[in-house]
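Colleague: fold the following for me, if possible:
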Amino acid sequence: MKKLLAILGAVGLTATGASSVVACNKPENPKPPVLGGLTASDFSQVLLNVDSKEKLNTTVVKVLATKVESAHQKEVNDNLDLFGNAFLITYKGWDGTSSLKNGDTIHLTITKANDDQIREFYKDQHGDFISPEQLALARKMQGYLAGTKFDGDVLISDQNFRKNISNLTFPQPITVTGSSVATPGQVSKADVTSAVNMVVQNLIDKIVTGTKLDTDYHTAITLDDGTTFPATVDLSTANLNIKITVTSISTSTLITGNANNKSAQLAQITTNV
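Modeller: Numbers count the residues shown, from 1 in each chain. So this is what the prediction gives:
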């Protein structure tokens, strides 16, 4: 299949045949880190229904951008096309025009582009030569991702790829610490919420890793009878029964379902922490 640089430009997306590389490293040498810590699951759902090379290109670049540390996110998002020019994306096992469906597999390779490739990708996209300043910025943003290459098969998955969290069960009891309340044995709602969120995250991590509070799910707590949780509660004499609801966010690519009104207990404490 011919190179597609002139069509795509933005990142230098190409469709190529397999290339053989003779490994000369000693077996005991550790493998270099995968580019940006990418895994096949990062692409499994977002590539669903992609039906053109341009869309594949755009989607992959957006995934790459999410792997940049938060301190550099704005810079990358403000220069997303230039950031994309810093990477060479190739694929196998797809014709570049049919819609990727659930169960399809595409072999995806992403590598850091060299200076000549960045210049070529930029010119194909803009019809002009890249300035030294822009080239330097592209290289700088490229450096925000560790590693040099992602190479692997991606299994395209529909919504069923998401893991259902409706059967969460909470350990008993949940220990609350870090109270700022002056009265011994009392804790604030903020303290309880923090403790509950930590337990929820640990439970979801056992089902699927990579979720984040307020990105993939929300939590809510009430008293055992369903009434609003007060600003402070007294844990000086006994455990306290509560209800916890964990709601998955519809845009999450990792989880689905809701764990509604799950019973839990807050552990009794005798001193203010």
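
Colleague: and Asp81, helix, strand or coil?
Modeller: Put simply, Asp81 is helix when judged by DSSP: H, G, I helix; E, B strand; the rest coil.

Colleague: now do Phe150
Modeller: strand.

Colleague: residues of the helix or strand hosting Arg119 that come out buried?
Modeller: Arg119 is part of helix 115-126 when elements are defined by DSSP states H and E. Judged by neighbour count (16 or more other C-beta atoms under 10 Å), helix 115-126 contains these buried residues: 117-122, 124-125. C-beta: built from backbone N, CA, C; applies to glycine.

Colleague: the following helix or strand past that helix vs helix 115-126, what angle?
Modeller: Scanning forward in sequence from helix 115-126 by DSSP H and E, the next helix or strand is helix 132-142. Per axes from the mean of the first three to the mean of the last three C-alpha atoms, to 10 degrees, the angle that helix 132-142 makes with helix 115-126 is 110 degrees.

Colleague: other SSEs contacting helix 132-142?
Modeller: The contact analysis (3 or more C-beta pairs under 8 Å, 6 or more residues apart in numbering; DSSP states H and E) places helix 132-142 against helix 70-78, helix 80-85, helix 115-126.

Colleague: avg pLDDT for the last one?
Modeller: In this model, helix 115-126 has a mean pLDDT of 96.

Colleague: alpha carbons of that helix, as PDB, please.
Modeller: Extracted in PDB, the C-alpha atoms of helix 115-126 (Å, rounded to 0.1, in the frame of the first residue of the first chain):
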ATOM      1  CA  ASP A 115      13.300  16.000  12.300                       C
ATOM      2  CA  ASP A 116      13.000  15.200   8.600                       C
ATOM      3  CA  GLN A 117       9.700  13.400   9.100                       C
ATOM      4  CA  ILE A 118       8.400  16.300  11.200                       C
ATOM      5  CA  ARG A 119       9.300  18.700   8.400                       C
ATOM      6  CA  GLU A 120       7.600  16.500   5.800                       C
ATOM      7  CA  PHE A 121       4.400  16.000   7.800                       C
ATOM      8  CA  TYR A 122       4.200  19.700   8.500                       C
ATOM      9  CA  LYS A 123       4.700  20.600   4.800                       C
ATOM     10  CA  ASP A 124       2.100  18.100   3.700                       C
ATOM     11  CA  GLN A 125      -0.400  19.600   6.100                       C
ATOM     12  CA  HIS A 126       0.300  23.300   5.600                       C
END
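
Colleague: ok so, going back, among the helices and strands packed on helix 132-142, which comes closest to Leu213?
Modeller: Smallest distance to Leu213 across the helices and strands packed on helix 132-142 (C-beta to C-beta): 15.0 Å, for helix 70-78.

Colleague: can you pull the buried residues of the closest one?
Modeller: 72, 76.

Colleague: with stretch 52-60 instead?
Modeller: So stretch 52-60, judged by 16+ other C-beta under 10 Å, has buried residues 53-54, 56-58, 60.

Colleague: equivalent analysis for stretch 96-112, please.
Modeller: 96, 100, 104, 106, 108-112.

Colleague: cool, and stretch 164-175?
Modeller: Those would be 165, 168, 170, 173-174, for stretch 164-175 by 16+ other C-beta under 10 Å.

Colleague: export those as CSV, with columns for distance to Gly147 and pLDDT.
Modeller: Output for those, formatted as CSV (distance: C-beta to C-beta, whole Å; pLDDT from 0 to 100):
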residue, distance to Gly147, pLDDT
Ile165, 31, 95
Leu168, 34, 95
Phe170, 38, 94
Pro173, 43, 95
Ile174, 38, 96
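
Colleague: which ones among the residues you listed map onto helices?
Modeller: The subset of those located in helices under the criterion DSSP state H is empty.
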